[in-house]
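In: A structural model of the following input is requested.
(3 chains)
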Amino acid sequence: MAETNPAMAEAAAPSSSATGGMSAQRARAIAFMTNRHHLSWLETIPWVLAIAAYFIFPDRMTFGTQTLIMVLFALSLDLILGFAGIVTLGHAAFFGVGAYTVALLASRYGWGEPITALLASAAAAAVVGFASGWLLLRYRGLSLLVLTLSTTIMLQEIGNLFPTITGGYDGIPGLQISPLFGVFQYDLYSHTNYLYCLAVLFVLFFMVRRIVNSPFGEALAGIRENVARMHAIGSPVHGRLVAVYTIAAAIAGVAGALFAQTNAYVTLGVFDFENSAGVMVMLALGGAGRLYGAFAGAVIYMVLQDYLAKMSPAFWQFGIGLLLVFTVMFARRGLFGVLEDARRLLRRGTP
Amino acid sequence: MSLSPTLNIAVSILFDGLAYAMFLFIVSVGLSVTMGLMGFVNLAHGAFAMAGGYIVLSATRAWGVPFFLSLLVAFFIVGAVSVVFERVLYSKLYKATELDQVLLTIGLAFMAIATFTYIYGPIPQSIHLPEYLNGQINVGFRTFPVYRAFLIVVGAALIAVLWYGFERTNIGAKIRAAVDNRRMAQSIGINVDRLFTLTFAVGSGLAAIGGGLSIPLLGLSPSFAIIYLVFFLLVVAVGGLGSFKGTLVAAIVLGIFDTGGKYLYADAGGFFIYAVAVLILLVKPAGLYGRD
Amino acid sequence: MTAALEIRELHKNFGALQVTRDVNLTLDRGARHALIGPNGAGKTTLVNLITGVLKPTSGKVLLDGEDITALSQAKRSRRGIARTFQINQLFRGLTVLENLYLAIGERTRACNRLWRPAGAEGAVIEEAMVHLESLKLADDALKLVRELPYGRQRLVEIAIALAQRPRVLLLDEPAAGVPSSESHLILDVVGALDPDIAILIIEHDMDVVFRFAKQITVLVAGAVLTQGLPQEIIADPRVRAVYLGAEADRETRHG
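Out: Below you'll find the predicted structure:
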């Protein structure tokens, strides 16, 4: 390494060019692993947009609130599907457990305090997630699809067995939710609801982001990429999967709880297959394994549903089916996949 | 002479359960063989059955085609259309992830349901059966519904034909070989792709027949495609992918348990089929006659 | 002194098919042991039985005297057994660095942590780079594995095994699939491995076997035909008949 600058040459002299190169490489390695954890300014966009929506569409806040709830629900599925690579058909189970925890607390025990109800829902959903995960995550493929689908339907059927408690398919209407912090009353136009859900989403999103960028998150990527290798290097694969499944279940439970609180009404329809399929479609559209894909996908889905379903439910169903087929055939990794491909193409284009 | 009440109920459960099982088998066998052959998860299979049902409906009502012939018409139309789907869409995804296959076929199912809702409306429909298929048949100690008896007979006949085709013909042997070890089958000259297209067409056609046959039993509405898809998946998973015998045994076991559950525990009835399926799968995750 | 790895009367059936028959094998510390035999002899099956991918029908596997027969693959790996696969099993969509990061992170249990950032595990990253540097892979650290040529991917496969700091290392045809122009890279690495590790290598290339092995086991149809020193194996007529037939002929003809 020829040094023309004597001062630099002196500084470079003690370490040989080899170790100089090595420490530069090591620094790059550390930078690589650390960078994903750092916040890029691009990440503020969804939050800015969400707040902007509050001011730009004040009369669409009910819709906005439900969209935020779906974002949270999709985010919870992303942990399992996008990051750990496990395909299930029963994610609505946890949403439903969360929703019914709120409903039962409010209707049977008169407990309407929202934050503690959220925590209770998360806990209840986590228990169901842990139990079902421990039992079912030993299986894959069609067996796992059928097992998860069946357990969710069975939960729904059990709920139907006790209509005095669950209200059966008519559900539990008129839930009394107390004002947030004893102060913020829920208003007819859902302004409080929207900000409440946005705040919860914000907190949970950054929790998920942290988990995904941790060594544990790296292990999830390993399981997704090559589970045989993970076993061979000593990874407790089943334990890792049950852990992430439980966390995802808890978050889905919070989404369900928010659903119950903001609608003040819950029915057994929360366990429907359409709910599990819908959230999977959202991730497919937005791009799984990318955190923000949940945002994009949920928004696209909800906006399309709002727009098309007004014309006729058949239009909506056809439209979403067509979009799904199109996405799988041409945009396999969803919207974010398309954006990434575009960025890569642009980078190659510029010298 | 007549039967005691408990025996009577038991006979009813067995009989009706068997009829239901025939329907489950006829629709599911195609799904099981194609999944075993190509490993392709086809969640649009229920939509093929639904489409078959609606073709039979239109054929008997609007075009005046006799019931049996309309079943054949449904078989051929749905079989042909499925080939188009397979060549244009499915074949591009044989190497894709399970998730992509699930999403694609769910998308197709949604499109199918929406289309048929648009054409026929969402309300459940029924068909006019020929006179001799209505009513009850008296065998001395009790009566049985004629249509269910018919379903069992048709089912048995189809099972015999399919079994013969599967176990005794050249093509059947090739299918079994390819299910067992696709690469080896290809290396000895079996054109697995063409075999798959044929199997897929026949399987989809059978689903259409099953859909048509089920109308007097279950009614027909577009949501049939998703509601009953769950049961077809249960039968396939419990029986074991690619197994003819497995699909049959699973259909009978699940059919009888479901019927029994509904007869004995009216409210909780629907629970049993899932509980039985889950228990079997926990012990034998590859199904009763699955491999691995 | 207890052997690093001992296999006692290991037997494996798949129904009526016997794939492993009464195999006894011992690896001492620092062993350089080759496992040879015709295709289909059950060499990879034996490695799968040792690592826990398969459970034996009967027999025992002992690591440093401890019976590990009932342990899962992951638990055995934690106790110090590492392997490479005949066909690479890598995290192809991840960078080379991350491949090593995972091997080390799982070993040190760093991967149990879900609240710290992945980049904060300085020791893990440092160790990963040390392994990569020793295998001359450091320049490729931030490349995705699937972008590397096959020969370098094979090196990553070995790097992962070494990153587990094993006491026993099982190499399944380490140079398989590597173009001959690059295979010396692999073989140099294998030759320079830590003398304390007990190594079992499955190989077909006899030059590699005789260069590297101090002990050879010949496996035929799932059973041990014979074991011993390289000179003994070459001279054994049964081995020549079954396996070295063509080679032996050529040697006698050309002297």
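
In: C-alpha from now on. contacts and neighbour counts both.
Out: Noted.

In: so where's the stretch 101-250 of chain A uncertain?
Out: A:181-189 (pLDDT under 70).

In: who in it is up against chain B?
Out: Counting by Cα under 8 Å from any Cα of the partner chain, the stretch 101-250 of chain A comes close to chain B at A:136, A:139, A:141-143, A:146-147, A:150-151, A:153-154, A:157-158, A:160-161.

In: Need the distance between the two termini of stretch A:153-167.
Out: Terminal residues of stretch A:153-167 are spaced 17 Å apart (Cα to Cα, to the nearest Å).

In: sorry, back to before: farthest pair in the residues of the stretch 101-250 of chain A next to chain B?
Out: A:Gly141 and A:Leu161 (30.4 Å; Cα to Cα).

In: in the stretch 151-300 of chain A, what residue is nearest chain C?
Out: Proximity of the stretch 151-300 of chain A to chain C (Cα to the nearest Cα) peaks at A:Gly234, 3.7 Å away.

In: got the CA positions of stretch B:220-232 in PDB?
Out: Provided in PDB are the C-alpha atoms of stretch B:220-232 (Å, rounded to 0.1, in the frame of the first residue of the first chain):
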ATOM      1  CA  LEU B 220     -76.000 -25.400  -3.100                       C
ATOM      2  CA  SER B 221     -74.700 -21.900  -2.700                       C
ATOM      3  CA  PRO B 222     -71.500 -20.200  -3.800                       C
ATOM      4  CA  SER B 223     -70.000 -20.300  -0.300                       C
ATOM      5  CA  PHE B 224     -70.100 -24.100  -0.600                       C
ATOM      6  CA  ALA B 225     -66.600 -23.700  -2.200                       C
ATOM      7  CA  ILE B 226     -65.000 -22.600   1.000                       C
ATOM      8  CA  ILE B 227     -67.300 -24.200   3.700                       C
ATOM      9  CA  TYR B 228     -66.800 -27.700   2.300                       C
ATOM     10  CA  LEU B 229     -63.200 -27.100   1.300                       C
ATOM     11  CA  VAL B 230     -62.400 -27.500   5.000                       C
ATOM     12  CA  PHE B 231     -63.900 -31.000   5.000                       C
ATOM     13  CA  PHE B 232     -62.200 -32.000   1.800                       C
END
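
In: Next, the buried residues of the helix or strand hosting A:Val97.
Out: Secondary structure assignment for A:Val97, by DSSP states H and E: helix A:92-109. Residues of helix A:92-109 classed as buried: A:92-107 (neighbour count, 16 or more other Cα atoms under 10 Å in any protein chain shown).

In: after it, next one along is what?
Out: Counting by DSSP H and E, the next helix or strand C-terminal to helix A:92-109 is helix A:114-136.

In: angle of that following helix against helix A:92-109?
Out: Helix A:114-136 runs at 140 degrees relative to helix A:92-109, counting by axes from the mean of the first three to the mean of the last three Cα atoms, to 10 degrees.

In: Residues contacting helix A:114-136, please?
Out: Among residues not part of helix A:114-136, those counted as contacts by Cα atoms under 8 Å, 6 or more residues apart in numbering or on different chains are A:94-95, A:97-99, A:101-102, A:105, A:111, A:144, A:147-148, A:177-180, A:238, A:241-243, A:245-254, A:257-258, A:261, B:282.

In: which residue packs closest to A:Gly85, ignoring adjacent ones?
Out: Once flanking residues are discounted, A:Gly85 sits nearest to A:Arg224: 4.7 Å by Cα to Cα, 6 or more residues apart in numbering or on different chains.

In: next structured bit after the helix or strand hosting the one you found?
Out: Counting by DSSP H and E, the element that carries A:Arg224 is helix A:215-225. Once helix A:215-225 ends, the next helix or strand along the chain (criterion: DSSP H and E) is helix A:227-232.

In: got the angle for the very next helix or strand once past that next one vs helix A:215-225?
Out: Counting by DSSP H and E, the next helix or strand C-terminal to helix A:227-232 is helix A:237-263. Angle of helix A:237-263 versus helix A:215-225, following the same axes, to 10 degrees, is 110 degrees.

In: Just the buried subset of the contacts of helix A:114-136, please.
Out: Neighbour counting with 16+ other Cα under 10 Å marks A:94-95, A:97-99, A:101-102, A:105, A:111, A:144, A:147-148, A:177-178, A:180, A:241-243, A:245-254, A:257-258, A:261, B:282 as buried within the contacts of helix A:114-136.

In: Before I go, just wanted to say thanks for your time.
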